[in-house]
Structures are given as C-alpha cells and as structure tokens.
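Novice: Fold the following.
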Amino acid sequence: MSDDLVVLLLYLAGIVVLIAASAFFAGSETALTAASRARMHQLETHGLKRAGIVNRLREQKERLIGALLLGNTLVNILASSLATSLLVSILGAPAVPVATVVMTALILIFAEVLPKTYAISHADRAALSVAPMVHGVVRLLSPIVRLVNWLVRGVLRLFGADPSRVGLADYVDELRGAIELHRGSEAEVAQERQMLRSILDLGDVYVSEIMTHRRSVEAIDAELTPREVVSAMLNSPHTRMPLCQGGLENIVGVLHAKDVLRALQAAGGDPDRLDIRRIATRPWFIPDTTSLLEQLHAFRTRREHFAIVVDEYGGLKGVVTLEDILEEIVGDIVDEHDLPVAGVRPQANGSFLVDGTVTIRDLNRRFEWRLPDDEASTIAGLVLHEARHLPEVGQAFTFHGFRFEILRRQRNQITAVRVTPPAEVEPEEG
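Specialist: Numbers count the residues shown, from 1 in each chain. As a prediction, the model looks like this:
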C-alpha cells in the first residue's frame, strides 16, 4: 500500500471520526435540554445514578451548553480543515469551494439534523445514555468554558441582561403549559387538568372567594334552650355551626355535632341538662385576605376544619371549612347529608341559567371556560364590574366573548343571569 493511499485513508478516517464527534455533541445538547425535568427527578429518587448526572448537568446549564458548543465547534472546524486540505492536495486550489459544499452537506445531515432528530424523539433515553460521557467532557473543558462564560456574562451585562435570573414564576408557567398539553380520554383528562390548575392556584385565591357568604350562613342563637339547640343541630346538614348571641356579628363559639352528642350521652339523654356555652369551642377568626394555601396549612397546624372570615373592620363576611378548600381542588364533594344546591341549569339552546351567587371559578372549572375572576368572584359581580352600573332586568351585555342577560334582580342584587358562551366553546361537564 503506497504512502499516499495511507495518508488518504487517515484523512478520511479522521473526517468520519470528527463528524461522529460533532453528531455526539449536537445530539447530546438536544437530548439534555429536551429531557423531562420531572421524569429525571423521579428516576433519581428511585436510585438511577445516570438520572442524577443529567440533573446535575442541567443545574449548571451555562457550563453544559458552553462545553458542548466548544467541542462541537472544534470538531467541525477541524473536519472542514482536513477535508479542504485533502481535496486541495488532489484537485488543487479550485477544490476549496467543493470542500465547503461537501462538508456543509455532511455536517448538516449527519452531524446536525440526524442526531438532533433522534435526540428530540427519544430525549429521556438519549440523555441517560450520553450523560456520563458529557459529564467527562464538561469537566475536561471546564477551565476554557469558565473563561468563555465570564466573557459572555460581561458582554450581556453591558446590554443590561442577566442570564442567571430565572424566577419561580418561570417554572410555574412551564408547569401550567405542561398541564394544558395533557392529553388522553377527554372526560378524565378534563377533570385532571381542573385539579392540577386548582392546586397551582391555591396561593392566588383568597378565602373570601370560596367561603359561604354570611347571607347563607346557618347559625344557632345562644339564647335558645338546650333542647332547641340539639334539635337545630340534628336538623342541619352541617356538623359544625357557629353559636351567636344577638346576631351574626357576635359569634361566641362553634358547636360540633359530635361534641353535642357526647355531652347529651353524658347527661343521660336529657337535653335540658346541657350547658351549651361549655360545649361550644372558641371561634377562630381569620382575615378575608388569607390565601387558600395559607389557610390549608393553618387548618393542618391547628387541627381544625372551621374558621370564621372577617373583613378589615372585624365584620363577619362568612365561614370557610377544610372541605371548601378540598372542593376547590377536586370539585364538589357531596355526601348523603348534603342538600342539593341549584345554581347552573343548561338550556337546550346552549345557554345556561346561572344564579348570581355562583362563583366564576366554579363555572371555569366545570365548563373549561376562561372568564376572569381577578375583579369579581361571582357571576353577578362580574356583570356589575363590566357593566359599570346596576343593570335592569332584560338588559344584555357581551364581554369576553360571552353574552350575559339579566333575568332577575332583587333590589340591588342580581339573582339570575342567562350566560351564552361563544360558539367555539364547548362546555364539558365535570
């Protein structure tokens, strides 16, 4: 075998090896950036060491990207140089444009498109496969990468950019996007999306938006006889009821059905021997600006299920229970003692008759609507906010793509509204 042929084969082998290395760097970059963060975390908790390496590499994203781009750039330039040198030695100076075209095609197809297409289609598997080797490359090129990153940060700061500033909101938005992309059996997936959205919203929703308004609060008058109190507790669907004296503004305690029954048993079944004030527990007052997440933690810490909501002046606004918060996540929880609540009645023409007190969050969750609830918590409040005046019965408004027609009004309160969603919105019963 002649020396010229050996040199030719060495050049060709070197070009092939360098193109393969370029494909490795390009595919690794795509796989490691596209791999599921949640799945890698789950695999790491189950003891898979490669998943831990993937997570560590992603935590140092600047070093990872810098090392891969540096390696990719080096091998691409070296492969192009070898190809140009080889063709020039064979064809002379006119081979330079030929070498450029040939290497561009080879690098584009075999070192960029092909590995990245595979990596994006099998991101998790590819990331786990290349993680150990990439980790070694990052450590090897770390000094050069640090210098490059320092220069890059300096240039970016000159333009007022900070590449390291990533807030919690960015991850929350990413999670919300993943929830919206959740697919499967439509009925089941709709409920799962509702639950996941509600969990993310717990910190942004206040107890005043889900509480039972004082107008609907059932309370027991402390002036009633013990026998009347026991009768009222037994006839109520609620296990906890506030005990008030002289009106709802003066709540002096909270009665629990189990406490009343235990005391009744201890009294030999004679209600007249009960001391209702001693049976009642101390009321727990919370501000109406408490978020659901804070209140959920408070319920768990205090081991209580019932709180009384007051405004900034100390006036009663309503009551909230642990069940209210859980229903905000999983939807209505109805047991054998709950009373049916009429609030939304679908009509044959696609519209809905909605009571004014129905909350916007319930409608959005039940029908997958997107009505805003920043300025109002109920459907009546939304109409008042958008109309900017107290509408008359029969008036109709269109906003946010929905049509709202006032059906009933009691004094200054809107009690019934016909809501017609836009044609492209197809409600999904939850």
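Novice: What segments of the protein are strands?
Specialist: Secondary structure of the chain (DSSP state E): strands located at 212-213, 220-221, 240-244, 251-256, 285-287, 306-310, 316-321, 344-346, 352-355, 396-399, 402-410, 413-420.
Novice: Name the residues that touch the third one?
Specialist: Counting contacts by CB atoms under 8 Å, 6 or more residues apart in numbering, the residues outside strand 240-244 that touch it are 217-222, 232-233, 248, 250-257, 276-277, 280, 283, 305-306, 308, 319, 321. (C-beta placed from N, C-alpha, C; glycine too.)
Novice: Then the fifth one?
Specialist: When contacts are defined by CB under 8 Å, 6+ apart, strand 285-287 is touched by residues V207, Q295, A298, A307, I308, V309, V310, D311, E312, V320.
Novice: rerun at 7 Å
Specialist: Where contact means CB atoms under 7 Å, 6 or more residues apart in numbering, the residues beyond strand 285-287 that reach it are V207, Q295, A307, I308, V309, V310.
Novice: Show me which positions of that strand end up buried.
Specialist: For strand 285-287, a neighbour-count test (16 or more other CB atoms under 10 Å) marks I286 as buried.
Novice: Given it, what are its sheet partners and their directions?
Specialist: Next to strand 285-287 in the sheet, as set by DSSP bridges, lie strand 306-310 (parallel).
Novice: what's the angle between the strand it pairs with and strand 251-256?
Specialist: Interaxial angle, strand 306-310 versus strand 251-256 (axes from the mean of the first three to the mean of the last three CA atoms, to 10 degrees): 150 degrees.
Novice: any idea how far V54 lies from A348?
Specialist: Counting by CB to CB, to the nearest Å, the gap from V54 to A348 is 55 Å.
Novice: more neighbours, the two?
Specialist: Using other CB atoms under 10 Å, the more surrounded residue of V54 and A348 is V54, with 29 against 5.
Novice: just for the protein, where's the confidence low?
Specialist: Residues of the chain meeting the criterion pLDDT under 70: 1-3, 161-189, 332-342, 424-430.
Novice: Quick check: the farthest pair among the contacts of strand 285-287?
Specialist: Spanning the widest gap among those are Q295 and V310, at 13.4 Å by CB to CB.
Novice: of those two, who's got more company?
Specialist: Q295 (23 against 17).
Novice: list the contacts for the more buried one?
Specialist: V207, I286, V320, I325.
Novice: List just the nearest of these to A99.
Specialist: Of the contacts of Q295, the one sitting nearest to A99 (CB to CB) turns out to be I325, at 68.5 Å.
Novice: mind checking how far that closest one is from I286?
Specialist: From I325 over to I286 the distance is 12 Å, taken as CB to CB.
Novice: cool, and W369?
Specialist: W369 is 29 Å from I286, where distance means CB to CB.
Novice: how about the residue nearest to H122 when sequence neighbours are not counted, what does it touch?
Specialist: Once flanking residues are discounted, H122 sits nearest to A31: 7.7 Å by CB to CB, 6 or more residues apart in numbering. Shown in contact with A31 (CB under 7 Å, 6+ apart): A119, A123, A126, A127, V130.
Novice: Can you tell me the closest non-neighbouring residue to the last one?
Specialist: By that I understand V130. S28 (4.5 Å).
Novice: what's the answer for the second one, then?
Specialist: For A123, the nearest residue in space outside its immediate sequence neighbours is A34; the separation is 4.0 Å by CB to CB, 6+ apart.
Novice: What's the local residue count around the one you found?
Specialist: Per other CB under 10 Å, the neighbour tally for A34 reads 16.
Novice: Then V205?
Specialist: Neighbour count for V205, taken as other CB under 10 Å: 19.
Novice: give me the number of residues near F110?
Specialist: 16.
Novice: That one touches I19, doesn't it?
Specialist: Yes. F110 is within contact range of I19, at 5.6 Å (criterion: CB atoms under 7 Å).
Novice: contacting residues for L114?
Specialist: Residues near L114 by CB under 7 Å, 6+ apart: A23.
Novice: when you give positions from now on, start the count at 40
Specialist: Got it, the first residue is 40 from now on, which makes the last one we talked about L153.
Novice: what separates it from L421, distance-wise?
Specialist: Counting by CB to CB, the gap from L153 to L421 is 54 Å.
Novice: What of H174?
Specialist: Using CB to CB, H174 is found at 54 Å from L421.
Novice: okay, those two: which has more neighbours?
Specialist: Legend: neighbour count by other CB under 10 Å for H174 and L421, higher for L421 (27 against 17).
Novice: Name all residues that make contact with A162.
Specialist: Taking CB under 7 Å, 6+ apart, we find A162 in contact with A70, A73, A74.
Novice: What residue, apart from its backbone neighbours, is nearest E431 spatially?
Specialist: For E431, the closest residue by CB to CB, 6+ apart turns out to be I445, at 6.8 Å.
Novice: wait, isn't that neighbour in contact with G433?
Specialist: Yes. Assessed by CB under 7 Å, I445 is found in contact with G433 at 6.5 Å.
Novice: okay, those two: which has more neighbours?
Specialist: The residue with more neighbours, out of I445 and G433, is I445; 22 against 9, by other CB under 10 Å.
Novice: gap between the more buried one and L429?
Specialist: Look at I445 and L429: by CB to CB, they are 10 Å apart.
Novice: Then V246?
Specialist: From V246 to L429 the distance is 27 Å (CB to CB).
Novice: and these two? which has more neighbours close in?
Specialist: Ranked by neighbour count (other CB under 10 Å), V246 and L429 place V246 first, with 23 against 14.
Novice: Would you check that that one makes contact with L332?
Specialist: No. Judged on CB under 7 Å, V246 makes no contact with L332 at a distance of 10.6 Å.
Novice: In PyMOL, select just the buried ones from the contacts of strand 279-283.
Specialist: A single PyMOL command selects the buried members of those (16+ other CB under 10 Å):
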select buried, resi 256+258+259+261+271+272+290+292+293+294+295+315+319+322+345+347+358+360
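Novice: check contacts around the residue nearest to R185 when sequence neighbours are not counted.
Specialist: Distances taken as CB to CB, 6+ apart put R102 closest to R185, at 7.5 Å, once the chain neighbours are dropped. Under the criterion of CB under 7 Å, 6+ apart, the neighbours of R102 are V177, S181, V184, N188.
Novice: quick one, helices of the stretch 140-289 of the chain?
Specialist: For the stretch 140-289 of the chain, the helices defined by DSSP state H, counting those that start in this stretch occupy 153-160, 162-179, 181-197, 207-219, 225-240, 246-249, 265-274.
Novice: could you give the angle of the last one to strand 290-295?
Specialist: Here helix 265-274 runs at 60 degrees with respect to strand 290-295, directions being taken by the same axes, to 10 degrees.
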